[in-house]
Each structure stands twice: as C-alpha cells, then as structure tokens.
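Undergrad: Here is a sequence with its predicted model. Questions after.
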Amino acid sequence: MTPASLPATPNQWSEFLATQELPAPSATGENILKLLQDENLPYTQLAQEINQDPVISFKVMSAANPVRSEEVPGSKTLDHAISMIGLDNLKALTLSLSTNLPSAPPPTAEYMNALCTSLLASSLARTIALQRKPSQADDIYWAALFHGVPHWYLGQFASPQIAQLRNAVIQEFTPPMQAQKAILGCALLDVKKLLTQRLNVPQLVRECWNTSLQPTRREWVTLSKMVNQPLGQIQDNHLLSIKLNHPVFSILLANQLARYAMQDWYSRGTLRMQKILATYLGIGLSQAIQLCHECAADVSRSHPLPDTLLPATRLFLPPFQRQKTSRTRAAETLQLEIAKPDSKQNKTATLTSEVNLSKSTEQIALSPPAGISVKPVTEAASSRAPQAPIIDAPPVPVSTVTVQEKKPEIPPPPSAVPRKETPAFVMPVAGDRGNPAIFQELTSIMLHHAEEFADIHELMNAATQGISYGLGISRTLVMLVNTRQTRLKTYYHVGTRKRPELESLEIDLTRPSLFNKLIEKAASIWVKPDSSERIWSMVPATLKMAGGAREFFLMSIYVNKKPIAVFYADHEGGKGGGLSEEDYKQFKYLCATTAQCLTTMAVNKEKQRDDDLIDDL
C-alpha cells in the first residue's frame, strides 16, 4: 500500500485487515494433505498435526464454530472440529491457504513474533486454567490463543507501521497514543476491538473487550503487591473478586505476561505480571517464574516455527537496554540535578509579594496555588503517600497574570486523617473534550503511587497525556531546564503534528522574558488575547513563531528548591472552544501533582538506590 492508500480510521483498518488471508508459517499444510490421503486416519492424529500451526488451527476452529447463539455449544477440541467440518472441507481449507499461492508474500518478522506470543499465552492460560478452572481449560486455551489474532493481522499486513510504532514508543519515548495517531491515524486499541468483532473468534475472546471484566491499572498493581499473601484478603473488593473469578482474567493475564516476556524476559513489566500470576495461583514468586519458563520450553518444543526467536530462546537474551537518545540524556541529567542538595540558602518567598515586570506600574501578582501550602518534606512524611491538595482558586483578572509559588502539601499522620483513594479536587466537567476519568486516575497515581512510574520519562509522558487527553487541551509541551539554568528545551510534547517547530523549541533564559520569572520560583501564568501589550512583549518571539497561539498556560515546577521544567498548554485549533478558568485550575493542579510526584520519586530513589528490581516494583 502507498501512504495515500493507507487506512486512517478504526473502521478502515479493521475492514482492510479482515479481508486479508493469513499465511501458514510452517509446512503443516503440506503434512495435512499427505495425511488426508489415508481415509482411515484417526481424527486425533490429524488434530495433533493441525495443532502445530496456530493459523490453520484458527481457520479450522472458526469453520467448525460459525457465529451462533450461546445455547448451541461449539467445538472445544480440534478432533471434534474436524468431525464437524468433514475431511473434504478440511482439504479444501488447507488448499486455500495463501502460502500455497505463488504470489503470496512471505510471513513477516512482526507476524511470526505475534504468533509466538499467542502460543506462549495459550500455554500459560492452559496451565493457569488447570489449577483454577479445570472444567474450562479447553475454552480458555483457545480463547487465549485467538485473543492475539488481531496482532497476527497487524503484524503481517501492517508490519512497517507496527515496527515504526514500537521504535517511536521504546526508543524515542513518544507517548503511545500520540505515536499511534501519527502512524496509524487512530488508536490501536480501537482497531483491535473492531477487528475482533469482524472475525469469527470464540465468545470468550469477545468478552475480553468488556471493560467491566478488565482489571484497572490500580487493580493490577494491587495484585502484584500481594505475593505470598492469601488471595482471600481481596474478598472485601467485590468488583475485583468478580473479575478474578471470571475466565477472562486468566486470558488477559496470560496474554499480558506473554507480551512482556516476548519483549524482554527480565523487564519490570514481566516481573510484575509474574507477581500477579503468583498471587492468582497462591504460589511463591520463584514457582511462578519456573512455571513461565516451563511453558516457554514446552511451546518451543511443540511449535518449532522457522526463522523465529522462540520463547525459550529469548530466555538466553540479556535484558533489553534502551539506546540513549538526547531525551534520555536530558532525563538522566534531570535526575542527578533533583538528587543534588541545594547549596544556596534560597529565601522563602512570601505569598503576597510582587514582582515588577518593568518600571511600569503593571505588576504580576504572586500567590500560591489554592490549597497547596509551602512545607518542607520531612523524612517521616516522605514515606507516606501524599494526599491530593484541594484546588479552589479564585478567578484570575484579565489584566494580571498569576505567578504562584508552590510546594507539595504533606498530609497529617494516617491516624489523624484516613487515607483517600481518590484525590479531593474539583473534577473537570465532562463535555465535548477531555476525559475526566483519565485525569482523575493519573493524578491519583501521581499522588499516591509514585513508585508506579519507572523513571522521569514515563512520568513526563504521562503528564503531557494527562493534560491533552484528560483535559482535552490540544497541545502540550514540557520544556526542561538545563543545569546552568540558561536554556529551556522541549523534550515531551503532544499535539504538535501541525506545528513540528514546537517539538524542538528552545528558550534562551539569558534574555529577559516571562520564562525568567517562571524559573525564579514555582509559578504559573495565563496569557490571554486581551492581556496587556507589556505581557505579550515578554513572550519570546521563538514561541510566538513556533506555536502561533493567542492564548496559553505556562507553569514552572520546582523540586528541592530547583527549577526542573516549564509546562506549556494551548488549545489553538482544538475542539470545544478556548481555554477556561476550569482548564487553568486543573492545569495547575496536574503540574503541582507532577512536582510532588518528582519529589517523592527523588526521596524513594535515595532510600532504595541499592534495592533490586523486585523491591522497586
């Protein structure tokens, strides 16, 4: 396909992919045709041969189980499926494989990797089911195998796009949603969901897309922290108990674990899923890891796919190391700067002081973000999860720009105030843009579970996505301050496709501008179309030319009395009108929670720098 003919919406992608014919990656088809020459051959022997190839298995099971009502049982084994369709139909199906056609393209590496992932997932799912739900082991096995069918189609028929997507996310640290929309034109999740609806897959696979049966990110983390603890402790969580008792959980767990393992057996994500497996089966972590390795060995023996790194082979690969791009080096420098003690005795700014922009009488009013007090982080308080500050900021006058000093609020001891699972703040109003649920979930994780962020990359990417997708503001930048505090440079961005100049924007801090005021202390500013000329004269020309926005938010964040970054957001060309007071309050709130999360991460890293990955999780 040429770039002009590429699909750009979930419907277009799913319609295009569903019309393609998957190639069989092995010589199983030829072996089946040879076996069919013996009319007295038992179905079990044919089933054993067919089971070698996941693609032929999918075609046979799909042919034997057309879309039907729940009252009519389908085939749960290959030998029964063969008896349902008959040997003649099996021969015709085998002959129709695209591999037998002269013009058939060869299987791609992405496709073969997706097949291996699904085979590992199905083996894991069967092992899990035999311990948790023996009567449904066959159903769970096939559902776990065919849950990855959308990945098969994407790997074979959108291989270049999937490779670009992986490189953008892993190597360039591009936010996944931003990368998907830039490369595919839409969200990958929507494509897979619609493709599943178009294909003839088991009912259990369709149920995997039921959001009420999918564990939330917090529930996954809760389970990962319950290793060597009785699973009965979660009985008070009624919704999570329902999810754990449904067959869908085994399928989702097996597929998540298989995907992480096929990328890197020794990654934090793989270890977390192995912890969840240990919790779910009520076994030790070492037993769960052993179970995973045994499944990998079994799959590699039973399904020797050619020209592919099989799951067992990947066990011998060293841990994956990301290449250090300029963004990586900047984040490492940022971590070092956060960890350094402040040698200067900075004067504490009063909450009512003012800063003159020039000799003019116009001034920038100083006040802290509403509900966020300035208190030092003590050793005792740093070990507790901070509570979310309550934002109740008064309206900002048009003629002034608020520049506000802020530091995270440390909550009283748990005995005095009960812990709240959700932050106490005014939620964004659901409208034509934004997703309040995403915003609430993200800020809650920042405040209460800073350990979930692997590093500053992940936190900053999450913050930019929280502003763009949580609040629905079309463009967001995070500019980092260099060590000498002479330059700001964009390292994280969302919504800059039409303005690529913003992606490499640099601000010279040696020249007077609003940014100089912002890095003097933690502060925020809302520049409006009718702000005074003096305010606009202090906006750097590089920002005006690169962004072209007539209204935007800015806020600097401090950690350990040091300027770390400046957040920028505008809604130029976006849907749902311009920026509002509510947007400004929530923008400031998310920036404040990001600073608080950075502080917590710095404290935790100092305390646990000698801990291994298991403790970090």
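TA: Ah, there it is.
Undergrad: quick one: the strands in the chain?
TA: 354-356, 363-365, 475-481, 487-494, 506-508, 524-527, 552-559, 562-570 (DSSP state E).
Undergrad: Just put the ones you listed in JSON lines and tack on distance to Asn167.
TA: Any C-beta I mention is one placed from the backbone N, CA and C, and that applies to glycine too. Formatted as JSON lines, the strands of the chain follow (distance: least, Cβ to Cβ, whole Å):
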{"stretch": "strand 354-356", "distance to Asn167": "44"}
{"stretch": "strand 363-365", "distance to Asn167": "43"}
{"stretch": "strand 475-481", "distance to Asn167": "21"}
{"stretch": "strand 487-494", "distance to Asn167": "17"}
{"stretch": "strand 506-508", "distance to Asn167": "25"}
{"stretch": "strand 524-527", "distance to Asn167": "35"}
{"stretch": "strand 552-559", "distance to Asn167": "29"}
{"stretch": "strand 562-570", "distance to Asn167": "25"}
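Undergrad: distance of the most centrally placed residue in the chain from Phe439?
TA: Central residue of the chain (Cα atoms, centre = their mean): Pro176, 6.5 Å from the mean position. Distance check for Pro176 against Phe439: by Cβ to Cβ, to the nearest Å, it reads 17 Å.
Undergrad: Then Arg166?
TA: Arg166 is 27 Å from Phe439, where distance means Cβ to Cβ.
Undergrad: who's more crowded, these two?
TA: Using other Cβ atoms under 10 Å, the more surrounded residue of Arg166 and Phe439 is Phe439, with 23 against 13.
Undergrad: residues contacting the closest residue to the more buried one other than its chain neighbours?
TA: Distances taken as Cβ to Cβ, 6 or more residues apart in numbering put Gly470 closest to Phe439, at 3.2 Å, once the chain neighbours are dropped. Neighbouring residues of Gly470 by Cβ atoms under 8 Å, 6 or more residues apart in numbering: Pro428, Gly434, Asn435, Pro436, Ile438, Phe439, Leu442, Leu590.
Undergrad: so of those, which ones are in helices?
TA: Of the contacts of Gly470, the ones assigned to helices by DSSP state H are Pro436, Ile438, Phe439, Leu442, Leu590.
Undergrad: Please convert these to TSV, extending it with pLDDT and distance to Ile564.
TA: As requested, those are arranged in TSV below (pLDDT from 0 to 100; distance: Cβ to Cβ, whole Å):
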residue	pLDDT	distance to Ile564
Pro436	86	27
Ile438	84	24
Phe439	88	22
Leu442	89	19
Leu590	94	15
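Undergrad: between these, which has the most around it?
TA: Leu590 (26 neighbours).
Undergrad: Can you read off the pLDDT for the residue nearest to that one when sequence neighbours are not counted?
TA: Spatial nearest neighbour of Leu590, chain neighbours left out: Gly466 (5.5 Å); criterion: Cβ to Cβ, 6+ apart. At Gly466, the model reports a pLDDT of 89.
Undergrad: swap in Ser326?
TA: On the pLDDT scale, Ser326 gets 55.
Undergrad: what's the answer for the one 4 residues further on, then?
TA: On pLDDT, Ala330 comes in at 60.
Undergrad: Below-threshold pLDDT in the stretch 101-250 of the chain: ranges please.
TA: Within the stretch 101-250 of the chain, the segments meeting pLDDT under 70 span 101-104, 231-236.
Undergrad: can you give me the helices for it?
TA: With helices called from DSSP state H, counting those that start in this stretch, the stretch 101-250 of the chain shows them at 109-132, 137-146, 149-157, 159-170, 176-183, 188-198, 203-207, 217-224, 238-245, 247-263.
Undergrad: Tell me how many other residues crowd Leu543.
TA: Residues lying near Leu543 (other Cβ under 10 Å) number 25.
Undergrad: err, Thr490, not the other one
TA: Counted with other Cβ under 10 Å, Thr490 comes out at 21.
Undergrad: residue contacts, it?
TA: Neighbouring residues of Thr490 by Cβ under 8 Å, 6+ apart: Leu477, Val478, Met479, Leu502, Glu503, Ser504, Leu505, Glu506.
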